[in-house]
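Novice: Any chance you can model this:
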Amino acid sequence: MLIFNNKTDIKALLAKHKETNSTIGFVPTMGALHKGHLSLLEESVKNNDFTVISIFVNPTQFNNAEDLEKYPRTLEADVAKIKTVNDNIIVFAPTVKEMYDNEVTSAHFSFDGLENQMEGQHRPGHFDGVGTIVKKLFEIVEPDNAYFGEKDFQQLQIVKKMVQKNAMPVNVIGCPILREASGLAMSSRNERLSDDDKNKAALIYKTLTEARQLFEKHTVDYVTEYVKSIFKAHPEFDLEYFEIADEATLIPTNIKENKKYRAFIAVFLSNIRLIDNISLN
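Specialist: The predicted model follows:
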C-alpha cells in the first residue's frame, strides 16, 4: 500500500496512471474510518482502475475549536481498515502545512443558496471550509469519480454545485447511509458516545422513519411538531433543528408539491452533535 504525505509525489504517480487512460476514484475523508467510509471505498474499487483515499482533518471547516481538537485522529488504525478493502488503495495523508502552507483560511464560495440552509445557519463558514479543501483535493488527485456518503446530504449537494460552477471534470457520486443495527447513522463522532448514549441515539433514526410515515398523510407542520414533541419528551437530547426540505434546493418547505423531499435533523446528545436525514418520497 502506498501512503503519501506530499502533493508532488502523489500527483506524479497519478499522472502516470492518467497517461494509460486509467480511471481514478477518490474518497475524501477526515479519517476515524468506519464501515460507511469502507463502503465508499468498495464502490470506488469496483468502478475504477485506481482508488485514492485522503485522510485529513480539515481545520477550516470547524467553527468550534474544541470540536477540532477532539476529532479522532487514528491514521494507523485507518490504514489497517483500508487494507481490508484492498491493499492497492493509495492513501494521501497530508499535514495542515502541506495543504494550506502558512495560510490556514477558507476561500469564499457561493453555492447558489445551498450553503444558507440548515448546517449553514448553525455552522457559519463551515461550507466555505468544505469547498476550500475539496477543491484543493480535487486539483491534486484529479479524480474521474468522487464518492461521498448521503449522511452529509447537504455537503454532497454543495460539492456537486462547486464542481458544476468551477467546471471541474469530476463525477460526484452519493452513496447510501450505512447504519448500525439500531438504525444510528455511522459517523466518526459516534466513537465519542458511551454505549448507553449509542443506545439512546437510536431514537434519531426511529423518529425519522416515523416522520416519513406521517409525511404521507399529514402536513409538513404536523410532522415537524410531532418530531419536536418526541425530543421534548427526551430531555437528554437537545434538538438543534428538524427541517423538511426540497432535495434539489435544500430550501425548507411548509407545503407539499410534486418534488422530492428529505427530512434533515441535528441533535446534541452528551454535548456531541449528531446529524441524519431520510428521503420522504
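Novice: Chain neighbours aside, what residue packs nearest to the residue most central in space within the chain?
Specialist: Residue closest to the average C-alpha location in the chain (CA atoms, centre = their mean): D152, at 3.7 Å. Excluding its sequence neighbours, the residue lying closest to D152 (CB to CB, 6 or more residues apart in numbering) is I275, at 7.3 Å. The C-beta positions use only the backbone N, C-alpha and C, and glycine is treated the same way.
Novice: One more: A266?
Specialist: Nearest residue to A266 in three dimensions, chain neighbours excluded: E240, at 4.2 Å (CB to CB, 6+ apart).
Novice: what separates that neighbour from Q155, distance-wise?
Specialist: 16 Å (CB to CB, to the nearest Å).
Novice: Same drill for those two, tell me which one is more crowded.
Specialist: Q155 (22 against 18; other CB atoms under 10 Å).
Novice: Verify the contact between that one and G131 for me.
Specialist: No: in this structure, Q155 is not within contact of G131 by CB atoms under 8 Å, at 9.7 Å.
Novice: pLDDT score assigned to the residue nearest to the centre of the chain?
Specialist: With respect to pLDDT, D152 has a value of 97.
Novice: phi, psi of F56?
Specialist: phi -160, psi 120 (degrees, to the nearest 10).
Novice: Strands of the stretch 101-250 of the chain, residue ranges please.
Specialist: 145-149, 171-175, 237-246 (DSSP state E, counting those that start in this stretch).
Novice: Tell me the spacing between the closest residue in space to Q157 that isn't next to it in sequence and L40.
Specialist: Once flanking residues are discounted, Q157 sits nearest to L114: 5.5 Å by CB to CB, 6+ apart. Distance of L114 to L40, computed by CB to CB: 21 Å.
Novice: Compare these two and say which one has the larger neighbour count.
Specialist: L40 (26 against 23).
Novice: quick one: the more buried one is in a strand?
Specialist: No: counting by DSSP: H, G, I helix; E, B strand; the rest coil, L40 falls outside a strand, being helix.
Novice: doesn't N145 make contact with it?
Specialist: No: with contact defined as CB under 8 Å, L40 does not count as touching N145 (10.7 Å).
Novice: looking at this structure, which helix or strand is least sure?
Specialist: helix 65-70 (a mean of 88; mean pLDDT, DSSP states H and E).
Novice: Name the residues that touch that helix?
Specialist: V57, P59, F62, R192, R273 (CB atoms under 8 Å, 6 or more residues apart in numbering).
Novice: Quick one: buried ones out of the residues you listed?
Specialist: V57, P59, F62, R192, R273 (16 or more other CB atoms under 10 Å).
Novice: Please report how far the closest residue to the fourth one other than its chain neighbours lies from G31.
Specialist: Spelled out, it's R192. Excluding the flanking residues, the one nearest R192 by CB to CB, 6+ apart is I272, at 5.2 Å. According to CB to CB, I272 stands 17 Å off from G31.
Novice: How about D221?
Specialist: Distance from D221 to G31, by CB to CB: 40 Å.
Novice: The two: who's more crowded?
Specialist: G31 (20 against 11).
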